[in-house]
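**Q** pasted the sequence and its predicted model underneath.
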Amino acid sequence: MSNLEQTLSIIKPDAVERNLIEEIKSIFTKNNLVIKEDKKIHITKEEAAEFYKVHQTKPFYDDLCSYLSSGPIVVMILEGQNAVLFNRELMGATDPKKAKENTIRKLYGISIDKNSVHGSDSVDNAKKEIKFFFKN
Ligand code: IDP
Ligand code: MG
């Protein structure tokens with residue numbers, strides 16, 4: 001059964017800094033996810049805090065917001081079959097040390113905080129996150 005979805009992907013500062021944009025994009029496109037929109041931006045810490053608001057009670061929240069705003073990022077809308085979960089599979093586990101072989105985080109992630117990519121974790125959150133970056 002067809003289940004076309006959109007999800008939000010972010011190439012985080014550690015990966016942009018290491019010139020991994022095209023390599024990461026090609027993993028998506030080779031796996032039949034279509035990049036519907038993409039832009040390179042540099043957000044403020046306040047914007048990062050708004051984006052990551054669900055994590056505001058976590059001990060790593062402040063560092064996370066500083067990090068996401070520390071340099072340019074690439075935000076993308078990916079579209080494809082079961083795009084939300086499928087993108088999470090391509091990304092791999094949050095901690096690159098625990099990520100499966102050939103996932104983006106296994107290939108490129110440096111550490112649990114510098115883990116190269118973000119991906120929405122549900123269809124509802126994907127809608128909110130896409131709106132946050134593309135439909136203001
Ligand atoms: P996810 O990115 O795999 O969805 P989340 O639990 O939503 O993981 O956490 C958001 C981001 O916060 C992670 O990608 C990672 O960069 C950072 N993070 C998560 N857990 C930790 C931690 O225990 N220490 C430091 N940073 C963390
Ligand atoms: Mg998450």
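**A** Right, received. Where do you want to start? Ligands and ions are numbered 1, 2, ... in the order given.

**Q** all strands for this structure, in order.
**A** 4-11, 34-41, 73-81, 117-119 (DSSP state E).

**Q** ok, which of those comes nearest ligand 1?
**A** strand 117-119 (5.4 Å; C-beta to the nearest ligand atom). Every residue, glycine included, has its C-beta placed from N, CA and C.

**Q** what sits up against that closest one?
**A** 7-12, 15, 24, 84, 87-88, 91, 104-105 (C-beta atoms under 8 Å, 6 or more residues apart in numbering).

**Q** hang on, the earlier thing: need the strands of the chain in a markdown table with mean pLDDT, can you?
**A** Putting those into a markdown table (pLDDT from 0 to 100) gives the following:
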| stretch | mean pLDDT |
| --- | --- |
| strand 4-11 | 98 |
| strand 34-41 | 98 |
| strand 73-81 | 98 |
| strand 117-119 | 98 |
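
**Q** up against ligand 1, what does the chain have?
**A** Selection of the chain residues close to ligand 1 by C-beta under 6 Å from any ligand atom yields 55, 60, 64, 94, 112, 113, 115, 118, 121.
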